[in-house]
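Undergrad: Have a look; sequence and predicted model below, questions after that.
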Amino acid sequence: MAGQVADDGALADLNPAQREAVLTGASHNLVLAGAGTGKTTTIVARVRHLLRQGASPDRVLAITFTRRAAAEIRSRVQAAASGASSQVHAMTFHGWAMREVRNNPDVFGYEGWSVLDAEDQAQVMRGVLGRGKRVEGLKASQIVDVLSFAHNTRVTLADAIRAKHPDSAIDAKAVGAVVRAYEERKRERRYLNYDDLLMIFAARLKDDAVAAWVGAHYDEILVDEMQDTNPLQWQIIDPLVPHTRFYCVGDDAQSIYGFRGADFASIHSFAQRVPGARVLKLEDNYRSSQEILDLSNWLLDQSPLGYDKHLRAIRGRGAKPELHSFETPQDEAGWIAAELLRARADDLPWSTHLILVRSNYSGRAIEARLIENDIPYVFFGGTKLLESAHVRDVLCALRVVANPDDEVAWMRLLTLVPRVGDRTAARAFDALLDARAGGATEREARAAALSGLPAWLRDGLDAIEEAAQRVDDAVGRAAAMLQPVLAHKYRNENWDARARDLVHVERLAATRRSILEFIEEYLLSPVFTSELEAGQRDTDHVIVSTVHSAKGLERDWAFCAGVSAGSYPSPRAMGDEAEVEEERRVLYVALTRARDRLMVTRSVVHTPVRAWMGGPYGVDVAEDAYFLAQLPEHLVEETVHTVGRPVRPTPPPGLAAPPEIDLGVDLGDLGDLG
DNA sequence: AAGCTCTGCTTTTTT
DNA sequence: AGCAGAGCTT
């Protein structure tokens, strides 16, 4: 908060509504905190208040949406604390569930499992699908998505299929058979995915003795971004309500995770769901100028859903938001880069700026321009380090050592070996299982199963096993072992940059106690590759972020890129009011990130990309529903740019129609070609 | 038969 | 940028 940083959470710096929210004595509270109203400040102050009242730091749990938000709360509480260590627990729902399940095998009944990320899940699903690779026209990854939606919203598979694929007649029974086989495969291999962690936790909390036991660990559980909590996560909160206190903070207008099962209306029913809960409101905005809020408020007012929300700018008046129209997205990106360079020439630091994009895809065009112009940036929502192919390759070598049942990892690792494909790899894996079943130790089983393969694989894995206590060392050995094959595999794909990533991974691993802990931590809360490049030296940088990853972010200047007809809302959302309104909230979140200068950019050209994204709906429909179609002129300062694309000169008046032009070739005298 | 390589297609949003 | 499939090589 610009005006109220100094001592985070010192009561004197809070306004009356915030102070009330911090000091509330009710057992359960819901704080409705609009954008820029000091949400994080309030949470930090609340934690400090609890600590002052004598709560031990490890009895306060803050549930956040991302690892970054957790780190911020932790560091701000720490910074504000006088001396004594006050490491409060701050983590995501998934991180919490994982901790509980991992640390208490006798309570939850799961031991020796490993976590599957999206790609691994799709891989297991592909194995189940076999030859055809599809069932009812759905790809492996689509089935995984639908299944996850069903779990998170607690609906049947059939309902989830209808929700996700409303236009196709899919036989849920056929999909169900595949899903059953998939679950069976996961069980055999002792795999759990993100949803499983939440489901195991939620299922066990149904036993009131377990709920009482978990609840007794905490004096208060704070939940940030409550509007994005989905029904599955509610099943974790519900049983704990009688056993601890809940302090939830959210904003219905910023609910943008409906695709993951969040229902923004659930925040309205909070008081019914949590008996005796007190509801408090924060409406004073400390972040933005009134002009920025006028535009944001206008956007919400256009919605058929009544948000009953009008942010007031404590900072008063400022510059009008700017609307810049271009011909192409490339022009937008070019102008943004130029604007950043101009600001730099005026001595503004790079950290003045935040660039918001709708999708990872659209962020790449901007990223390219920043690289071109040597502008340092971090891309939240870009490539995740642990999901990139080369890092995955290396981690598979660690995974098979940590969990020899990890079939997905074995298959990937084995097929890296030259002349080894699916068949050979599958045979080696089967041989491994056989050897173990016959009583061999892990190392003996590996020696037997890998006997027909190059010795470096067996020796390398043995070396990793010996180093397993030092995870960074193990990573180093895995990278060394695979270096030759990876250098070849990625020879045309940026091998040098990839090799650098592997060094980053080694460094990240240095503080971890075990291979599984390391992999789980970063799978559950990813690190972006660009984050490491820039963050390493704490350099001044611009932030590029998808709107979804921009939660809690704010900067003096914000560029909202690609706010074009046909993108807001996207054609995919058309025809479904709930989805269109979620898109409106996405734009609202983007607009409310700016403190002083808000620049909305858009373009009109329909690139091939947009044409196929447009799908069956077509552009005209989108024009009509475009959120800025009815934008009153007085709310923005509009500039129309025609950069790099000069208007075609009109021909001189009175020019005669072109004559027929003979395109035949004058062969001339070719002489005697004989 | 198995593996390799090239090409074209696909992509909202994330733990 | 990554994946699936086609067609080619060993």
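TA: Sure thing, it's come through.

Undergrad: backbone phi and psi for the residue of the stretch 201-350 of chain A at minimum distance from DNA strand B, please?
TA: Closest approach of the stretch 201-350 of chain A to DNA strand B (Cβ to the nearest atom of the strand) occurs at A:Phe259, with a separation of 3.5 Å. Glycine gets a C-beta too; all of them are placed from N, C-alpha and C. Note on A:Phe259: backbone dihedrals following degrees, to the nearest 10 are phi -70, psi -20.

Undergrad: can you confirm A:Thr601 is in a strand?
TA: Yes. Under DSSP: H, G, I helix; E, B strand; the rest coil, A:Thr601 falls within a strand.

Undergrad: confidence score at it?
TA: Each residue has a pLDDT score; the one for A:Thr601 is 94.

Undergrad: Tell me the bridge partners for it.
TA: A:His324 (DSSP bridges).

Undergrad: tell me which element A:Ala211 falls in.
TA: With elements taken from DSSP states H and E, the one containing A:Ala211 is helix A:208-215.

Undergrad: How many residues are close by the residue of the stretch 351-500 of chain A found nearest DNA strand C?
TA: Taking Cβ to the nearest atom of the strand as the measure, the stretch 351-500 of chain A has A:Ala389 as its residue closest to DNA strand C, at 4.2 Å. Counted with other Cβ atoms under 10 Å, the burial measure for A:Ala389 works out to 14 neighbours.

Undergrad: mind listing what the residue lying closest to it once chain neighbours are set aside touches?
TA: Nearest-residue entry for A:Ala389: A:Tyr490, 7.8 Å, with adjacent residues in sequence omitted and distances by Cβ to Cβ, 6 or more residues apart in numbering. With Cβ atoms under 8 Å, 6 or more residues apart in numbering as the criterion, the residues that contact A:Tyr490 are A:Ala389, A:His390, A:Arg498.

Undergrad: Phi, psi for A:Tyr490 please.
TA: According to degrees, to the nearest 10, the main-chain angles of A:Tyr490 amount to phi -110, psi 20.

Undergrad: State the distance from it to A:Leu157.
TA: 38 Å (Cβ to Cβ, to the nearest Å).

Undergrad: Check A:Ile43 too.
TA: In this structure, A:Ile43 and A:Leu157 are 37 Å apart, going by Cβ to Cβ.

Undergrad: sorry, back to before: just put the contacts of A:Tyr490 in CSV and tack on pLDDT.
TA: Formatted as CSV, the entries for the contacts of A:Tyr490 read as follows, by pLDDT from 0 to 100:
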residue, pLDDT
A:Ala389, 87
A:His390, 89
A:Arg498, 86
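
Undergrad: So which of these sit within helices?
TA: Those of the contacts of A:Tyr490 mapping onto helices are A:Ala389, A:His390, A:Arg498, per DSSP state H.

Undergrad: Next one, pLDDT for the residue in the stretch 101-250 of chain A that DNA strand B sits nearest to please.
TA: At 4.1 Å from DNA strand B, A:Tyr194 is the closest residue in the stretch 101-250 of chain A, using Cβ to the nearest atom of the strand. According to the per-residue confidence, A:Tyr194 scores 87 in pLDDT.

Undergrad: Give me the phi and psi angles of it.
TA: The main-chain torsion angles of A:Tyr194 are listed as degrees, to the nearest 10 and equal phi -50, psi -50.

Undergrad: which ones are touching it?
TA: For A:Tyr194, the contacting residues are A:His94, A:Val115, A:Asp117, A:Ser148, A:Leu524, by Cβ under 8 Å, 6+ apart.

Undergrad: Closest one to A:Val214 out of those residues, please.
TA: Ranked by distance to A:Val214 (Cβ to Cβ), the contacts of A:Tyr194 are led by A:His94 at 15.8 Å.

Undergrad: In terms of helices and strands, where is the closest one?
TA: Assigned by DSSP H and E, A:His94 falls in helix A:93-103.

Undergrad: what about that helix and DNA strand B, touching?
TA: Yes. Interface with DNA strand B: helix A:93-103 contributes A:Phe93, A:His94, A:Gly95 (Cβ under 7 Å from any atom of the strand).

Undergrad: Can you show me the CA trace of that helix as CSV?
TA: The C-alpha coordinates for helix A:93-103 follow below in CSV (Å, rounded to 0.1, in the frame of the first residue of the first chain):
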residue,chain,number,x,y,z
PHE,A,93,-4.7,-25.6,0.3
HIS,A,94,-2.8,-28.2,-1.6
GLY,A,95,0.4,-27.6,0.3
TRP,A,96,-1.5,-27.9,3.5
ALA,A,97,-3.2,-31.1,2.5
MET,A,98,0.0,-32.5,1.3
ARG,A,99,1.8,-31.8,4.6
GLU,A,100,-1.0,-33.3,6.6
VAL,A,101,-1.2,-36.5,4.5
ARG,A,102,2.5,-36.8,4.2
ASN,A,103,3.3,-36.3,7.9
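
Undergrad: buried residues in stretch A:198-218?
TA: Applying a neighbour-count criterion of 16 or more other Cβ atoms under 10 Å, the buried positions in stretch A:198-218 are A:Leu198, A:Met199, A:Ile200, A:Phe201, A:Ala202, A:Arg204, A:Leu205, A:Val210, A:Ala211, A:Val214, A:Gly215, A:Tyr218.

Undergrad: which of these sit farthest apart?
TA: Of all the pairs that the buried residues of stretch A:198-218 form, the one spanning the most space (Cβ to Cβ) is A:Met199 and A:Tyr218, at 21.1 Å.

Undergrad: which residues touch A:Gly112?
TA: Shown in contact with A:Gly112 (Cβ under 8 Å, 6+ apart): A:Arg190, A:Asn403.

Undergrad: Whatever residue of the stretch 351-500 of chain A ends up closest to DNA strand B: how many residues sit nearby?
TA: Here the stretch 351-500 of chain A gets closest to DNA strand B at one residue, A:Gly421, 2.2 Å apart by Cβ to the nearest atom of the strand. Here the neighbour count serves as a burial measure; for A:Gly421 (other Cβ under 10 Å) it reads 10.

Undergrad: So it sits against A:Thr415, correct?
TA: Yes. Proximity of A:Gly421 to A:Thr415 meets the contact threshold set by Cβ atoms under 8 Å, at 6.0 Å.

Undergrad: Quick check: closest non-adjacent residue to A:Ile63.
TA: With Cβ to Cβ, 6+ apart as the criterion, A:Ile63 has its nearest non-adjacent residue at 4.6 Å, and that residue is A:Val223.

Undergrad: again, but for A:Glu577
TA: When the adjacent residues along the chain are set aside, A:Glu577 lies closest to A:Pro304, with 7.1 Å between them (Cβ to Cβ, 6+ apart).

Undergrad: you'd agree that neighbour is in a strand?
TA: No. Assessed by three-state DSSP, A:Pro304 does not belong to a strand; its assignment is coil.

Undergrad: In three-state terms, label A:Leu238 for me.
TA: No, residue A:238 isn't Leu; it's Asp. helix.

Undergrad: For A:Ala402, list the residues it contacts.
TA: With contact set as Cβ under 8 Å, 6+ apart, A:Ala402 has these partners: A:Ser114, A:Ala468, A:Ser514, A:Ile515, A:Leu516, A:Ile519.

Undergrad: Now do the third one: how many residues are near it, please.
TA: When neighbours are defined as other Cβ under 10 Å, A:Ser514 has 13 of them.

Undergrad: any idea how far it lies from A:Arg436?
TA: The span separating A:Ser514 from A:Arg436 equals 21 Å under the rule Cβ to Cβ.
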